[in-house]
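Student: Here is the input, now give the coordinates:
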Amino acid sequence: MPRPIAFLSDYGLADEFVGVCHSIWVAQAPGVAIIDLTHEIPAHDVRAGALALVRSVQYLPDEAVVVAVVDPGVGTDRRLVGVQVGAVTLLGPDNGLLAPAAAMLGGADLVVDITNADCQIPAPGPTFAGRDILAPVAALVAMGTPLTALGERVDLASLIPGLLGVPVVRDDGVIDAQVWWIDRFGNCQLNLGAEELIECGVAPGGLVEIHLGGRAKSARWVTTYAEAKPSELVVLIDSYGLAALALDRASAAHEYSLAPGASVVLVPPGVTPEGIGQ
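Tutor: A predicted model of the protein is given here:
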């Protein structure tokens, strides 16, 4: 049986792009299981694609072949790479999309520059690498072709890192954080976990002052959405182990005009910070 293929992209579903890639896999890797992670990554948003892949990759089947396409540089001299991480193979543009997922799985064991034209479909133009290069390459890998047959090995350190912000903890315990992701319910995932909150003096069940978009709000650390009172802003640890801002049955993102990448400052109890948001 072929290895399963997991597919993530910014293609959307209005056009035929996803279906054509599926067709290539069905034709070239008969019996393959295809997992569509999402095709609703915002167009050209490499950061959002990298985060979605990080959230997903740890739950994929053993030996999955992952095809990730968020490729604003398609047709240029940017590399397409294959990355081996344990039993999992990641295929996609080398633009920061794959590196965070590789790190999540323990770090790359092998990186290959995909250049072997014999593994690709002749292309009438250079702007659909997902169809012409990554789809046939994924089929070959799923059927047992080694990654080294796709092109030359390259230095592991040359893989372009993802541009994912890390929280900054000030000397007084104030945390400069960032909205990483907003789900369809309007919950705003931040780039910090429970450990950072506790280390800075915020306790489960306690309050933390949140500064966002020029507004200051007090938020309670709860365990579930249902614990929030009507219109109460809460902080909880989400299903990925990260802190999230939420309202019960309402969108925190809409209420506070938050978007991915927005700055959020968390002030522990008893602290009078200086230079909020600076």
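
Student: where does the residue nearest to residue 11 when sequence neighbours are not counted land on pLDDT?
Tutor: Of all residues not flanking residue 11 in the chain, residue 17 sits nearest, at 4.1 Å (C-beta to C-beta, 6 or more residues apart in numbering). In short, each C-beta sits where N, CA and C put it, glycine included. Per-residue pLDDT puts residue 17 at 98.

Student: now swap in residue 57 and tell me
Tutor: Residue 57 is given a pLDDT of 96.

Student: Now the phi/psi pair for it, please.
Tutor: Main-chain torsions, residue 57, degrees, to the nearest 10: phi -60, psi -30.

Student: one step back: next one: the residue nearest to residue 11 from residue 137, what distance?
Tutor: 16 Å (C-beta to C-beta, to the nearest Å).

Student: what about these two, which has more around it?
Tutor: More neighbours surround residue 137 than the other of residue 17 and residue 137, with 28 against 18 (other C-beta atoms under 10 Å).

Student: Does anything pack onto the helix or strand in which that one is found? Which helices or strands?
Tutor: Using DSSP states H and E, residue 137 sits in helix 135-142. Packing partners of helix 135-142 (3 or more C-beta pairs under 8 Å, 6 or more residues apart in numbering; DSSP states H and E): strand 5-9, helix 17-28, strand 65-69, strand 88-93.

Student: Could you identify the helix or strand that succeeds that helix?
Tutor: strand 151-154.

Student: Describe which strands the next helix or strand after that following strand pairs with in its sheet and in which direction.
Tutor: With elements assigned by DSSP H and E, the helix or strand that comes after strand 151-154 is strand 168-169. Here strand 168-169 has these sheet partners by DSSP bridges: strand 175-182 (antiparallel).

Student: where does the spatially most central residue of the chain land in three-state SS?
Tutor: Nearest to the geometric centre of the chain sits residue 51, at 1.4 Å (C-alpha atoms, centre = their mean). When classified by DSSP: H, G, I helix; E, B strand; the rest coil, residue 51 comes out as helix.

Student: For the residue nearest to residue 11, give its distance to residue 64.
Tutor: 21 Å.

Student: so who does the residue nearest to residue 11 touch?
Tutor: 9, 11, 128, 130-131 (C-beta atoms under 8 Å, 6 or more residues apart in numbering).

Student: Just to check, residue 116 is in contact with residue 150?
Tutor: Yes - look at residue 116 against residue 150 with C-beta atoms under 8 Å: they come within range, at 5.3 Å.

Student: higher neighbour count, the two?
Tutor: Using other C-beta under 10 Å as the criterion, residue 116 and residue 150 rank with residue 150 on top: 24 against 17.

Student: which residues touch that one?
Tutor: Contacts of residue 150 (C-beta under 8 Å, 6+ apart): 82, 112, 114-116, 119, 137, 140-141.

Student: Out of those, which comes closest to residue 99?
Tutor: residue 82 (13.3 Å; C-beta to C-beta).

Student: Which pLDDT value belongs to residue 237?
Tutor: For residue 237, pLDDT reads 97.

Student: can you count the residues close to the closest residue to it other than its chain neighbours?
Tutor: In space, not counting the residues next to it along the chain, residue 237 is nearest to residue 194; the distance is 5.1 Å by C-beta to C-beta, 6+ apart. Counted with other C-beta under 10 Å, residues neighbouring residue 194 total 16.

Student: cool, and residue 109?
Tutor: Neighbour tally, residue 109, other C-beta under 10 Å: 15.

Student: so what's it closest to, chain neighbours aside?
Tutor: residue 84 (4.9 Å).

Student: hey, what's that neighbour bridged with?
Tutor: residue 89, residue 110.

Student: returning to that earlier point: so what touches the helix holding residue 137?
Tutor: Counting by C-beta under 8 Å, 6+ apart, 2-5, 20-21, 24-25, 27-29, 32, 65, 67, 82, 89, 91, 114, 119-121, 147, 149-150 sit against helix 135-142.
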